[in-house]
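**Student:** Turn this into a model:
(4 chains)
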Protein chains: 2
Amino acid sequence: MSKYKVLKNIQKHITLTKNEKEYVLTLFGHQKIEKKTFILKQGLLCQKLFFVEGGSLRAYFLDEEGRESTIMFAVEDWWITDMDSFVNKKPTLLFIEALESCDIMSIKHSDLEELFIKMPKFERFFRILFQNAYIREQSRALQNISLTTKERYHNFISNYPAIVEKVSQKQIASYLGVTPEFLSSIK
Amino acid sequence: MSKYKVLKNIQKHITLTKNEKEYVLTLFGHQKIEKKTFILKQGLLCQKLFFVEGGSLRAYFLDEEGRESTIMFAVEDWWITDMDSFVNKKPTLLFIEALESCDIMSIKHSDLEELFIKMPKFERFFRILFQNAYIREQSRALQNISLTTKERYHNFISNYPAIVEKVSQKQIASYLGVTPEFLSSIK
DNA sequence: AACTGCTCTTAAACTATCTTAATATTTTTT
DNA sequence: AAAAAATATTAAGATAGTTTAAGAGCAGTT
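**Tutor:** Residues are numbered from 1 along each chain as shown, chains lettered A, B, ... in the order given. A predicted model of the protein is given here:
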């Protein structure tokens, strides 16, 4: 029985033997980070895929005028990275910052490729992971273009109560794409 | 050498032997549909994943007030379905309509599952497909919350020139989440 | 050729959202 | 515990986007 939640997360979709679990863990690194530190900064190449064992993080875009747009939050048991930078090896536009102190597992791109080759069932695991991620993002895009800010705010707090507990209203506003002042006014 | 583009599309990411191609084709149906006909209607269960051999389609949400929000367009060589309905077997919110007469390949959910079991390399194919779809949708979500309508319009026409040729401005407006009148005014 | 329906454009009045700024409240640092 | 910094609220004036309506341009019928 491993102490790492990442193995349990993986076993939501595929099964692993004891030996397989041990092998998988050799490819992941474990890391603790402090609140307000970054695991990714705009301009760099995103080298790792992260899994949150504990704590919470936020991925956001910072534009020239200093405006932040939050792309995603990640709490315990979630995966996070800049997938476009990680997969396509292009400089990232994002910052990923710890909202509190975190326990993080991470895997390098080359080790993930090795995993796909040595254990093809991981193709299935990530197929399902990306399938769900795609469905969520498509739903977000639909809500962005079809609902009012008020409706989107209420959907957010009812869909992601675990996130709402950990983040500021300013950050929720930046996820919804409105100013904190406006979000405050519609409550 | 098959006449079906779907096999060439699949071979962008995995390789197939002659026998494998033949087997794959036994699981796909081929269908021609007329302009303005539907392959999916709001309220139904989405039973199939579609691939566009030729022609173009549009997936949109229609709300109670009669407003349309376009979720995606699909042109030749694209895959389209309501993934949430297809995967999670829930009633769809979407219509998918042919913008012109189309040649369509489709696979039922149970046959796709068979394909995953008999030919696990399809897990890899769809892992990559969903990975790219997720990256695109995340980028769309970021643009929706961080850019002006004018910027999003120009990004759209430069990113999807093949789509722009086939669709009306009204439909582009519904993809961007603004009224046709406003889109007309910013040009 | 006339009719119908649909798209596109323009404009005026209205509503949603932003900007700025001031104040209050909460959180973090010392 | 006090001081400093960040967040939240409120309000006034500005900008972005919608609504409604009317007319012009096209494509498909009849």
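
**Student:** which residues touch A:K118?
**Tutor:** Going by Cβ atoms under 8 Å, 6 or more residues apart in numbering or on different chains, A:K118 touches A:Y23. To be clear about C-beta, it is placed using only N, CA and C from the backbone, and glycine gets the same treatment.

**Student:** quick one: pLDDT of it?
**Tutor:** Confidence at A:K118, expressed as pLDDT, is 97.

**Student:** can you map out the strands along chain A?
**Tutor:** Taking DSSP state E to define them, one finds strands in chain A at A:29-33, A:38-40, A:48-54, A:56-62, A:68-75, A:79-80, A:94-98, A:102-108.

**Student:** Distance to B:K5 for those strands - can I get that in CSV?
**Tutor:** Shown next, in CSV, are those (distance: least, Cβ to Cβ, whole Å):
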stretch, distance to B:K5
strand A:29-33, 42
strand A:38-40, 38
strand A:48-54, 32
strand A:56-62, 36
strand A:68-75, 34
strand A:79-80, 33
strand A:94-98, 35
strand A:102-108, 35
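
**Student:** Relative to chain B, tell me which of those wins on proximity.
**Tutor:** strand A:68-75 (4.0 Å; Cβ to the nearest Cβ).

**Student:** low-scoring pLDDT stretches of chain A, where are they?
**Tutor:** Residue ranges of chain A with pLDDT under 70: A:1.

**Student:** Could you pull up the residues touching the spatially most central residue of it?
**Tutor:** The centroid of chain A falls nearest to A:I80 when counting by Cα atoms, centre = their mean (2.6 Å). A:I80 makes contact with A:F50, A:F51, A:V52, A:L57, A:A59, A:M72, A:A74, A:I96 under the criterion Cβ under 8 Å, 6+ apart.

**Student:** quick one: contacts for A:I145?
**Tutor:** Contacts for A:I145 were tallied using Cβ under 8 Å, 6+ apart; they are B:S69, B:N144, B:S174, B:Y175, B:L176, B:G177.

**Student:** tell me the two of those residues that are most distant?
**Tutor:** Maximum pairwise distance among these (Cβ to Cβ): 13.5 Å, between B:N144 and B:S174.

**Student:** of these two, who's got more company?
**Tutor:** Using other Cβ atoms under 10 Å in any protein chain shown as the criterion, B:N144 and B:S174 rank with B:S174 on top: 24 against 19.

**Student:** and chain A, which of the contacts of A:I145 reach it?
**Tutor:** Near chain A, judged by Cβ under 8 Å from any Cβ of the partner chain, the entries from these are B:S69, B:N144, B:S174, B:Y175, B:L176, B:G177.

**Student:** Next, count neighbours for A:P161.
**Tutor:** 9.

**Student:** what separates it from B:Q11, distance-wise?
**Tutor:** 44 Å (Cβ to Cβ, to the nearest Å).

**Student:** Beta-bridge partners for the residue nearest to the centre of chain A, please?
**Tutor:** Per DSSP bridges, the residues bridged to A:I80 are A:F50.

**Student:** ok, which stretches of chain A are helices?
**Tutor:** Using DSSP state H, the helices found in chain A span residues A:5-10, A:18-27, A:83-88, A:109-118, A:121-146, A:149-159, A:161-164, A:169-176, A:180-185.

**Student:** Nearest approach to B:S185 belongs to which of those?
**Tutor:** helix A:121-146 (18.1 Å).

**Student:** what angle sits between that closest one and helix B:121-146?
**Tutor:** Helix A:121-146 and helix B:121-146 meet at an angle of 30 degrees, taking axes from the mean of the first three to the mean of the last three Cα atoms, to 10 degrees as the criterion.

**Student:** Any residue of helix A:121-146 touching DNA strand D?
**Tutor:** No: for helix A:121-146, no contact with DNA strand D is found by Cβ under 7 Å from any atom of the strand; the gap never falls below 8.8 Å.

**Student:** how far is that helix from where the chain is centred?
**Tutor:** Chain-centre distance of helix A:121-146: 12 Å, with Cα atoms, centre = their mean, to the nearest Å.

**Student:** If we only consider the contacts of A:I80, which is nearest to DNA strand C?
**Tutor:** A:L57 (14.9 Å; Cβ to the nearest atom of the strand).

**Student:** Stretch A:45-56 near DNA strand C at all?
**Tutor:** No: with Cβ under 7 Å from any atom of the strand as the measure, stretch A:45-56 is seen stopping short of DNA strand C, the closest distance being 12.5 Å.
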